[in-house]
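My questions concern the predicted model and sequence given below.
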Amino acid sequence: MKAIRPDSQLLRRRARRRGQVAEWLCLWHLRLRGWQIVERRWRCPSGEIDILARRGKVLAVVEVKSRREVEAAAAALAPRQRRRITRAAEAFLSSRPDLAQLDLRFDLMTVGPLRLPRHWRGAWRADN
């Protein structure tokens, strides 16, 4: 008997839903640790930022990755994507000069099944 394979559209919907749930978990994880959420799902022509959060003098640009294994989620952030996020952060700061004096940091949050989000502070630098 032939195995039934879900169509690609269904797989994309599932992945999008899993990503939305992961972002929501990370959002609350940050809030519970004293971060103020500045923006969520901010987009511009050069890229997209999942979460922008502020605590004290730090503005964190947070990329959220969700995979079956946390290690795979951490490895899923390619150099090309880091460059796009960095360009998007520059565009965001040019649109919000009130936040430009803050220390900018690029963080990664990974989410795996049945696990709390893991926060990788300073996962990359803008000059990488």
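Received, thanks. Numbering: from 1, shown residues only.

How many residues are close by residue 68?
Using other CB atoms under 10 Å, residue 68 has 10 neighbouring residues. (Each C-beta comes from the backbone N, C-alpha and C, glycine too.)

doesn't residue 111 make contact with it?
No: between residue 68 and residue 111 there is no contact under CB atoms under 8 Å: 10.5 Å.

per-residue pLDDT, the nearest residue to residue 82 once chain neighbours are set aside?
Of all residues not flanking residue 82 in the chain, residue 124 sits nearest, at 5.1 Å (CB to CB, 6 or more residues apart in numbering). Note for residue 124: predicted pLDDT of 94.

For residue 124, give me its contacts.
By CB atoms under 8 Å, 6 or more residues apart in numbering, residue 124 lies in contact with 77, 82, 106, 108.

What residues sit buried inside the helix-or-strand element of the chain with minimal mean pLDDT?
Lowest by mean pLDDT, DSSP states H and E among the helices and strands of the chain is helix 70-75, with a mean of 80. Neighbour-count burial for helix 70-75 flags 70, 73-74 (criterion: 16 or more other CB atoms under 10 Å).

Give me the helices and strands touching it, please.
Applying 3 or more CB pairs under 8 Å, 6 or more residues apart in numbering; DSSP states H and E, we find helix 70-75 packed against strand 58-66, strand 103-111.

Only the C-alpha atoms, please, for the first one, written as PDB.
It refers to strand 58-66. In PDB, the C-alpha atoms belonging to strand 58-66 read as follows (Å, rounded to 0.1, in the frame of the first residue of the first chain):
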ATOM      1  CA  VAL A  58      19.800  47.200  25.000                       C
ATOM      2  CA  LEU A  59      17.600  46.800  21.900                       C
ATOM      3  CA  ALA A  60      17.600  43.100  20.900                       C
ATOM      4  CA  VAL A  61      16.800  42.000  17.400                       C
ATOM      5  CA  VAL A  62      15.400  38.500  18.000                       C
ATOM      6  CA  GLU A  63      15.200  35.800  15.300                       C
ATOM      7  CA  VAL A  64      13.000  32.800  16.300                       C
ATOM      8  CA  LYS A  65      13.700  29.400  14.900                       C
ATOM      9  CA  SER A  66      11.500  26.300  15.600                       C
END
